[in-house]
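Novice: got a sequence here, can you build the structure:
(one chain, ligands or ions: 1)
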Amino acid sequence: MRKQHENSRAGLPERAETVILGAGLTGLIAARELLSSGRRDILILEREARPGGLLKTNREFGVTIDELPHVFFTKNKRASAIFKKLAGPVYSYRHSLGVMWKDGYVDFPFQDNINQLGLEEKKLVLRSLLEKRLEKKEPVLRNLEDYALRELGSGIVDLFFRPYNEKLWQTPLAGMEYAWLSSKIRLPGPAGLADSILGGGRSATGDVAPHADFIYPRRGGIEALAEGLLRAIKPLALFCGVEAVRIDPKLRIVHTSRGAVCYKNLISTLPLGRAVRLAGLKDCSRAVSRLRATRVVCLQYALSEVKLPPYHWIYVPDPALPFYRLTRVDLINPKAVPGGKALLAECALPVSCSSAGLEKRVTSALAGLGIVKKKDIKKVWSSDHFPAYPVPHARRREDVPLCLRRLSAAGIISAGRFGEWSIYNMDHSIEAGISAAEKITLS
Ligand SMILES: Cc1cc2nc3c(=O)[nH]c(=O)nc-3n(C[C@H](O)[C@H](O)[C@H](O)COP(=O)(O)OP(=O)(O)OC[C@H]3O[C@@H](n4cnc5c(N)ncnc54)[C@H](O)[C@@H]3O)c2cc1C
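Specialist: Predicted coordinates for the structure are as follows:
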């Protein structure tokens, strides 16, 4: 991977048949697809010094800890085959997940394990479900709050769903749409809720969420996927440290921090609003002004010991704790810290908020919870990511298609997690890269 950076010191070509903006998973997959269809006049431009986008692994001092926690799960056979081919041998797991709850933990999904809560909480959940049944009118579903209340009742919403999601998204439930939710969690329905409250329910079968079975590269962390892709597209030109700063769709020129490039086809994996602005598409400026993303700061701990139940990851709804999720990296990759343990803490921060002091706050919280002893900390790293989660804001279903249509009319194929402003996982990004390439090869 590092060899291809040497390109960044050479001069940029003045033209290329296809220019791809962004060397994350979507851009690299699109390049691989174009190459395999016989196209070679492709130029990939990446703003960062290193390709891979979100797929970065910290490998300092012999550790292998992803900057952001990543595991691969999908029902999509094509994406799964591509992942395995590119990332090499994998570990396979049936997940075991928890929710940090009061002085202990309950199994995830929270809504499937209400029987593990205290009596008062069980009563709260049950009462809210019974009250819901007595409501005469079918509720109007305006937003995620309405939808969650209808599906889960106010007990589960107030105990877990609201605090966790508002912490993660940094957005009130009433400010978000809900179409995305059913692809991320399995909603229990009446029979499932009965099992959940009384015990002995479906969570015991493990069929609980789209990520119930997941795989992870045996070597190199999640960045092994990006490295596999870079090997696959080796004949192509990839320039790192080059930022797209303006797009002239009429003349088909991308202006960059290193000069202008003429193109015939353009794939952008940049954040949707950024691509719209770079292309000067003023008629979507109101839609763009509503697009918001979260910022995630991850702290990666190399430890000699950690005290946690053996969950792969743990959701943390408590608003008083600075992290929303803890991942036991060493249970996913046993070689993450040779002879030690690895823990990843994810924190969602307002975009303009300083992260100074965050490491101290997270370490104190972990120590206060008895998870980590300060003497057991070998080293801590931090990485700051923005955008991280595109927020499914209330008008997403109008704003995003409008921007995509305008870009398409301007001859720009916008693709990927941020290019399509969707909560895409790696399998979706693989499909997004393939479909972006097909818009060129099939045209
Ligand atoms: C916290 C977190 C956890 C996740 N966990 C999982 C998981 O467990 N499993 C899973 O399947 N998926 C997970 N994902 C999603 C997964 O990371 C993405 O689907 C995928 O990596 C997105 O790839 P992309 O190429 O679309 O975007 P990116 O990786 O963001 O790539 C876009 C690239 O464009 C570059 N760029 C931006 N602006 C410019 C510019 N002006 N000029 C040139 N280049 C530019 C960026 O530097 C970046 O490299 C997670 C994501 C996050 C944030």
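
Novice: flag every residue of the stretch 251-400 of the chain that's near the ligand.
Specialist: Contact residues, the stretch 251-400 of the chain versus the ligand (C-beta under 6 Å from any ligand atom): 269-270, 296, 346, 388-389. Backbone N, C-alpha and C define where each C-beta goes, glycine included.

Novice: which bits of the stretch 101-250 of the chain sit near the ligand?
Specialist: The stretch 101-250 of the chain comes close to the ligand at residues 243-244, as judged by C-beta under 6 Å from any ligand atom.

Novice: okay, strands next: where are they in the stretch 101-250 of the chain?
Specialist: Here the stretch 101-250 of the chain has its strands, by DSSP state E, counting those that start in this stretch, at 104-107, 213-217, 237-240, 244-248.

Novice: and the third one, which strands flank it?
Specialist: Read that as strand 237-240. Here strand 237-240 is paired, per DSSP bridges, with strand 42-46 (parallel).

Novice: just the mean pLDDT for the strand it pairs with, thanks.
Specialist: On average, the pLDDT along strand 42-46 is 98.

Novice: just want the angle from it to strand 244-248.
Specialist: Angle, strand 42-46 to strand 244-248, by axes from the mean of the first three to the mean of the last three C-alpha atoms, to 10 degrees: 130 degrees.

Novice: pLDDT weak spots in the stretch 51-200 of the chain?
Specialist: Within the stretch 51-200 of the chain, the stretches with pLDDT under 70 are 200.

Novice: now residue 48, nearest residue through space, not along the chain?
Specialist: Spatial nearest neighbour of residue 48, excluding adjacent residues (C-beta to C-beta, 6 or more residues apart in numbering): residue 240 at 6.4 Å.

Novice: what's the neighbour count on the one you found?
Specialist: 21 (other C-beta atoms under 10 Å).

Novice: show me what it is bridged to.
Specialist: Going by DSSP bridges, residue 240 is paired in beta bridges with residue 46.

Novice: can you pull the contacts of residue 18?
Specialist: Residue 18 sits next to 34, 39, 41-43, 263-267, 440 when contact means C-beta atoms under 8 Å, 6 or more residues apart in numbering.

Novice: can you list the strands of the stretch 101-250 of the chain in CSV and add distance to residue 74?
Specialist: Below are the strands of the stretch 101-250 of the chain laid out as CSV (distance: least, C-beta to C-beta, whole Å):
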stretch, distance to residue 74
strand 104-107, 23
strand 213-217, 9
strand 237-240, 26
strand 244-248, 30
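
Novice: domain ranges for this structure, per the record?
Specialist: Following automatic domain parsing, one gets these domains for the chain: 2-55+224-291+392-441, 111-197.

Novice: buried deepest among these, which one?
Specialist: Mean neighbour count (mean count of other C-beta atoms under 10 Å) peaks for domain 2-55+224-291+392-441 among the domains of the chain, with a mean of 20.

Novice: now the helices for the stretch 51-200 of the chain?
Specialist: With DSSP state H, counting those that start in this stretch as the criterion, the stretch 51-200 of the chain has helices at 77-87, 119-134, 144-156, 162-169, 189-198.

Novice: quick one on the thing from earlier: take the contacts of residue 18 and keep only those in helices.
Specialist: In helices, defined here by DSSP state H, the members of those are 34, 440.

Novice: now the residue lying farthest from the centre of the chain. Its backbone dihedrals?
Specialist: In the chain, counting by C-alpha atoms, centre = their mean, residue 136 sits farthest out from the average C-alpha position, at 39.1 Å. The phi/psi pair for residue 136 (degrees, to the nearest 10) reads phi -80, psi -40.

Novice: check the gap between it and residue 129 for me.
Specialist: As judged by C-beta to C-beta, to the nearest Å, residue 136 and residue 129 stand 16 Å apart.

Novice: just confirm residue 377 contacts residue 303, I think it does.
Specialist: Yes: using C-beta atoms under 8 Å, residue 377 is in contact with residue 303, at 6.0 Å.

Novice: the two: which is more packed in?
Specialist: residue 303 (21 against 18).

Novice: can you name the residues that contact that one?
Specialist: Neighbouring residues of residue 303 by C-beta under 8 Å, 6+ apart: 337, 340-343, 372, 376-378.

Novice: and the two most separated of those residues?
Specialist: 337 and 372 (13.1 Å; C-beta to C-beta).

Novice: residue 259 contacts residue 13, doesn't it?
Specialist: No: counting by C-beta under 8 Å, residue 13 is not a contact partner of residue 259; they are 9.5 Å apart.

Novice: sorry, back to before: quick one: which of the contacts of residue 18 is nearest the ligand?
Specialist: residue 267 (10.5 Å; C-beta to the nearest ligand atom).

Novice: so what's that closest one bridging to?
Specialist: Bridge pairing for residue 267 - DSSP bridges - gives residue 20, residue 413.

Novice: I'd say it and residue 23 touch.
Specialist: No: the pair residue 267 / residue 23 is not scored as a contact, 11.3 Å apart, by C-beta under 8 Å.

Novice: common neighbours of those two, please.
Specialist: Common contact partners of residue 267 and residue 23 (C-beta under 8 Å, 6+ apart): none.

Novice: what about the stretch 201-350 of the chain, any weak spots by pLDDT?
Specialist: In the stretch 201-350 of the chain (pLDDT under 70), the answer is 201-209.

Novice: so who does the residue in it that the ligand sits nearest to touch?
Specialist: Going by C-beta to the nearest ligand atom, the ligand is nearest to residue 244 of the stretch 201-350 of the chain, at 3.8 Å. If you count contacts by C-beta under 8 Å, 6+ apart, residue 244 has them with 21, 45, 47, 254-256, 268, 270, 278.

Novice: how near is it to residue 425?
Specialist: To residue 425, residue 244 is 25 Å away according to C-beta to C-beta.

Novice: residue 436 sits in which helix or strand?
Specialist: Per DSSP states H and E: residue 436 is located in helix 426-441.

Novice: what lies in contact with that helix?
Specialist: Counting by C-beta under 8 Å, 6+ apart, 18, 24-34, 37, 39, 55, 70, 72-74, 76, 78-80, 82-83, 225, 265, 267, 413, 415-417, 419-420, 422, 424 sit against helix 426-441.

Novice: redo that, cut-off 6 Å
Specialist: 25-26, 29-30, 33-34, 37, 72, 74, 76, 79, 82, 265, 267, 413, 415-417 (C-beta atoms under 6 Å, 6 or more residues apart in numbering).

Novice: that one: how far from the chain's middle?
Specialist: 17 Å (C-alpha atoms, centre = their mean, to the nearest Å).

Novice: hmm, that helix touching the ligand?
Specialist: Yes: under the criterion of C-beta under 6 Å from any ligand atom, the ligand is reached by helix 426-441 at 426-427, 429.

Novice: next, format those residues as JSON lines and append pLDDT.
Specialist: Listed next are the residues of helix 426-441 next to the ligand as JSON lines, based on pLDDT from 0 to 100:
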{"residue": "426", "pLDDT": "98"}
{"residue": "427", "pLDDT": "97"}
{"residue": "429", "pLDDT": "98"}
